[in-house]
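J.: Starting from these lines, generate the structure:
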Amino acid sequence: MPFLGIGVHVMVALFFAIHALRTGQPMYWLFILFSFPLLGSIAYFAVIYLPNSRLEYGAKKAVAVAAKALDPTRELREAQAAFDYTPTVQHQMRFAAALLELGRAEEAADNYEACLKGPFLTDSVIRFGAARAFVECGRYVQAIGHLTAIRETDPEFRSEQLAILLARAYAGAGDNTAASNEFANALAQFGSFETRVHYAIWAIRNDDLETATRLKLEIDDSMKRWNRHTRTLNKPLLKLLYDTYAARNK
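T.: Here you go, the predicted model:
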C-alpha cells in the first residue's frame, strides 16, 4: 500500500509536469514537482493549475452571478460614486454601462452621449456603447449613425457584434431590407450561434418562416455538440429565441 501511495503522488506530479511543459511554465516547477511530489503537486495545483482552469472560471462566474442576484444595483452605486467623486469620461462610461445593464437605456444613452466630446468625439468604444443604448431605448436612427461611422473609421472594431446591432437598428427603424442583408452578411462571414439566434428572431418577427425554420434547424444541430458550460453561457440567448417563438404562436 505505501508503494501504491508513492506511485499515485508521482503520477500526479507527472501530470502537472506535462501541463507545465505544454503551457510554458518556468522549468523550476519540474524540480519542485519531482523533488517533492506531494507538496510540489499541491503547490502547482494552487498556484498554476487552478487559476487557469475552467473550475476556477466557473466558480468566479457563479460568485459574480450570486452577488449580482443578491445586490443587483451594487455596480450602479459604485459607478455613480466613482463618477460623482471624479467626473472623468472613463467613470461616466462605467456609469452608463451600469445603467444599461439595469435596463435604464435612456439614461445610459444620455450619459454615453455626454462622453462624446473633445478627444473622445469619435471613440469607437463610446460610440458602440451609445449605439447599444440607443437600440434599447428605440432611438434607432442615432444608433445607425454611430454604427456606420464606426464601420467606416474602425472597420475591425467588434465587427460581428457591430453587424448584429446594426441589423437590429435597421429593423427597429423599419428598414427590413437593410436588416436582412446585414444579418445575411454577418451569418456568411461569422456563422456564429449568436448571429443565427438574432437573425432567427428577426425572421420570426417578420413572418419569414422559411428563414426562421432553416436557422432553427442549424441552431438545434449546433446545440447537440454543446457541453454544459456552453449551454449555460448561451442560456439568455436561447430564452430570448424561445420567448419570441412563443409570442408568435399565441
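
J.: From now on I want contacts and neighbour counts done on CA atoms only, so please keep to that.
T.: Will do.

J.: By mean pLDDT, flag the weakest helix or strand of this protein.
T.: Least confident helix or strand, the chain: helix 54-70 with a mean of 50, by mean pLDDT, DSSP states H and E.

J.: got a list of contacts for the helix or strand following it?
T.: Where DSSP states H and E defines the elements, the next helix or strand beyond helix 54-70 is helix 74-85. Outside helix 74-85, the residues that touch it by CA atoms under 8 Å, 6 or more residues apart in numbering are 68, 91, 92, 94, 95, 98, 99.

J.: Not counting sequence-adjacent ones, nearest residue to the fifth one?
T.: Spelled out, that is residue 95. Among residues not flanking residue 95 along the chain, residue 79 sits closest, at 4.9 Å (CA to CA, 6 or more residues apart in numbering).

J.: Quick one: mean pLDDT for the host helix or strand of residue 246?
T.: For residue 246, the element it lies in under DSSP H and E is helix 235-248. The average pLDDT for helix 235-248 rounds to 79.

J.: Check which helices and strands it sits against.
T.: helix 193-205 (3 or more CA pairs under 8 Å, 6 or more residues apart in numbering; DSSP states H and E).

J.: neighbouring contacts of the helix it packs on?
T.: 160, 164, 168, 171, 180, 183-184, 186-187, 209, 211-212, 215-216, 219, 222, 237-238, 241, 244-245, 248.

J.: The same query, at a cut-off of 7 Å, please.
T.: 164, 183, 186-187, 209, 211-212, 215-216, 219, 241, 244-245 (CA atoms under 7 Å, 6 or more residues apart in numbering).

J.: Pull out the buried residues from stretch 204-224.
T.: For stretch 204-224, a neighbour-count test (16 or more other CA atoms under 10 Å) marks 204, 212, 215, 216, 219 as buried.

J.: wait, which of those is closest to residue 29?
T.: Residue 29 has its nearest neighbour among the buried residues of stretch 204-224 in residue 219, at 44.0 Å by CA to CA.

J.: Send over the helix or strand hosting that closest one as CSV, restricted to the C-alpha atoms.
T.: For residue 219, the element it lies in under DSSP H and E is helix 209-223. Provided in CSV are the C-alpha atoms of helix 209-223 (Å, rounded to 0.1, in the frame of the first residue of the first chain):
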residue,chain,number,x,y,z
LEU,A,209,-40.8,31.4,-41.7
GLU,A,210,-38.6,29.8,-44.3
THR,A,211,-35.5,31.6,-42.9
ALA,A,212,-36.6,31.1,-39.3
THR,A,213,-37.1,27.4,-39.8
ARG,A,214,-33.7,26.9,-41.5
LEU,A,215,-31.9,28.8,-38.8
LYS,A,216,-33.7,26.9,-36.0
LEU,A,217,-32.6,23.6,-37.5
GLU,A,218,-29.0,24.9,-37.7
ILE,A,219,-29.2,26.1,-34.1
ASP,A,220,-30.6,22.8,-32.9
ASP,A,221,-27.8,20.9,-34.7
SER,A,222,-25.2,23.1,-33.1
MET,A,223,-26.6,22.6,-29.7
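
J.: Tell me how far that helix lies from the chain's centre.
T.: Distance, stretch centre to chain centre, for helix 209-223: 22 Å (CA atoms, centre = their mean, to the nearest Å).

J.: quick one: it to helix 193-205, angle?
T.: Helix 209-223 runs at 150 degrees relative to helix 193-205, counting by axes from the mean of the first three to the mean of the last three CA atoms, to 10 degrees.

J.: If you count contacts, what does helix 209-223 end up packed against?
T.: helix 193-205 (3 or more CA pairs under 7 Å, 6 or more residues apart in numbering; DSSP states H and E).

J.: Please save the CA atoms from the helix it packs on in PDB.
T.: Output of helix 193-205 as PDB, limited to C-alpha atoms (Å, rounded to 0.1, in the frame of the first residue of the first chain):
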ATOM      1  CA  PHE A 193     -24.600  30.900 -32.800                       C
ATOM      2  CA  GLU A 194     -25.300  34.500 -31.600                       C
ATOM      3  CA  THR A 195     -25.700  35.700 -35.200                       C
ATOM      4  CA  ARG A 196     -28.100  32.800 -36.000                       C
ATOM      5  CA  VAL A 197     -30.200  33.500 -33.000                       C
ATOM      6  CA  HIS A 198     -30.600  37.200 -33.700                       C
ATOM      7  CA  TYR A 199     -31.300  36.500 -37.300                       C
ATOM      8  CA  ALA A 200     -33.900  33.900 -36.400                       C
ATOM      9  CA  ILE A 201     -35.600  36.300 -34.000                       C
ATOM     10  CA  TRP A 202     -35.800  38.900 -36.700                       C
ATOM     11  CA  ALA A 203     -37.100  36.400 -39.200                       C
ATOM     12  CA  ILE A 204     -39.800  35.200 -36.700                       C
ATOM     13  CA  ARG A 205     -41.000  38.700 -36.000                       C
END
